[in-house]
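S.K.: Sequence and computational prediction follow.
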Amino acid sequence: MGEVSAGETATASRPHKFVLQARDPVTDCPVLEARISIADPGPLRRALGIEEGEDPDFDGIYDLDGDDLAALQRLTGLSFPRDLGPVQIVSWDPLRDVPYLVHTGYELALMLERRKPLAVFSDAYPADWFDEMIARFDPYVAGGRVVRRLIDEPFAKPRVVDGQRFDGIRRVFIALPDEEWRIEAYLALWQSLKTEGWSEERERRQGELLGYEEWQRDWWAAHRPGKAVQADLTPRR
């Protein structure tokens, strides 16, 4: 991953870091990334056409077309290829400071390479973005390269958030064919939380089931932010 800095002169503010990434159109996983540091994100907002007051913390994910990339190049001097797949820009995430690849966002590519035995996703349903993400696994489920299990947990009554109705929580488990036992083990782990609560031992077990190596689980136990569980448990967006 390369890095480009722009506008870092005479400012007491800390540069805002972004990641520019080309994504594989089949797996939707990044295939090339570059880090950009910008002291004042104002010019970047204007270059991307973000309205004043919109997304003040720059938490969004922005798709870039050719004009956007040209504007970004004028701002930073960075020339980024357009022929590898769709290009996006996102704010830097602290999980990128972890000294190993956190699987979130790379699940499908890692599973097709048999480097990840189990992936777990969850979100409230219905949610179009979530369904679209899970649908990327469809051809590989049909072809037998992965197995999938979907479990819905309906709310006692629908909930409305920002005008959108949600009927419950949907959990999706995807495993390699010879690693399907991990789904049952993960469900058993999740059930134990309801009566016994979270613990470092359970967090290590979660990481093991998701395919993290022992040294990675050791690092996470020593340095994880707060008491958050492994990133695979939460939606990517």
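M.R.: Cool, got the structure.

S.K.: can we go C-alpha only for contacts and neighbour counts from here?
M.R.: Will do.

S.K.: what comes up buried for the longest helix along the chain?
M.R.: Counting residues, the longest helix found in the chain (DSSP state H) is helix 181-196. By neighbour count with 16 or more other CA atoms under 10 Å, helix 181-196 contains the buried residues 182-183, 186, 189.

S.K.: now these as TSV including distance to residue 151 and pLDDT?
M.R.: Shown next, in TSV, are the buried residues of helix 181-196 (distance: CA to CA, whole Å; pLDDT from 0 to 100):
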residue	distance to residue 151	pLDDT
182	15	98
183	11	98
186	13	97
189	15	94
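
S.K.: hang on, the earlier thing: mind checking how far the longest helix of the chain is from the chain centre?
M.R.: The chain centre lies 23 Å from the centre of helix 181-196; the measure is CA atoms, centre = their mean, to the nearest Å.

S.K.: From the contact counts, what lies against the next helix or strand after that helix?
M.R.: Next in sequence after helix 181-196, counting helices and strands by DSSP states H and E, comes helix 200-210. For helix 200-210, the packing partners by 3 or more CA pairs under 8 Å, 6 or more residues apart in numbering; DSSP states H and E come out as strand 118-125, helix 181-196, helix 214-223.

S.K.: Throw the ones you listed into JSON lines and include distance to residue 140, thanks.
M.R.: Conversion of the helices and strands packed on helix 200-210 to JSON lines gives the following (distance: least, CA to CA, whole Å):
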{"stretch": "strand 118-125", "distance to residue 140": "14"}
{"stretch": "helix 181-196", "distance to residue 140": "17"}
{"stretch": "helix 214-223", "distance to residue 140": "28"}
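
S.K.: out of those, nearest to residue 61?
M.R.: Minimum separation from residue 61 across the helices and strands packed on helix 200-210 (CA to CA) falls at strand 118-125, 18.2 Å.

S.K.: Identify each buried residue in that closest one, please.
M.R.: Neighbour count says strand 118-125 has 118-125 buried, by 16+ other CA under 10 Å.

S.K.: What distance do you get for residue 189 to residue 208?
M.R.: 12 Å (CA to CA, to the nearest Å).

S.K.: What segments of this structure are helices?
M.R.: Under DSSP H, the chain gives helices at 42-48, 66-76, 107-112, 128-135, 138-142, 181-196, 200-210, 214-223.

S.K.: Go ahead and confirm residue 207 touches residue 217.
M.R.: Yes. Look at residue 207 against residue 217 with CA atoms under 8 Å: they come within range, at 6.3 Å.

S.K.: coming back round to it: tell me the most buried of the helices of the chain?
M.R.: Each of the helices of the chain was scored by mean neighbour count; the highest is helix 107-112, a mean of 20, by mean count of other CA atoms under 10 Å.

S.K.: Using CSV, write down the CA coordinates of the longest strand belonging to the chain.
M.R.: Determined from DSSP state E, the single longest strand within the chain is strand 147-161. Output in CSV follows, covering the C-alpha atoms of strand 147-161 (Å, rounded to 0.1, in the frame of the first residue of the first chain):
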residue,chain,number,x,y,z
VAL,A,147,-22.0,-23.9,2.1
ARG,A,148,-24.4,-21.4,3.6
ARG,A,149,-26.9,-21.3,6.4
LEU,A,150,-29.3,-18.4,7.1
ILE,A,151,-31.0,-17.9,10.5
ASP,A,152,-33.6,-15.2,11.1
GLU,A,153,-34.5,-14.1,14.6
PRO,A,154,-37.7,-12.0,14.3
PHE,A,155,-38.4,-9.2,16.7
ALA,A,156,-41.4,-9.5,18.9
LYS,A,157,-42.8,-6.6,16.7
PRO,A,158,-41.2,-4.7,13.8
ARG,A,159,-39.0,-1.8,14.6
VAL,A,160,-38.8,1.4,12.6
VAL,A,161,-35.4,3.3,12.4
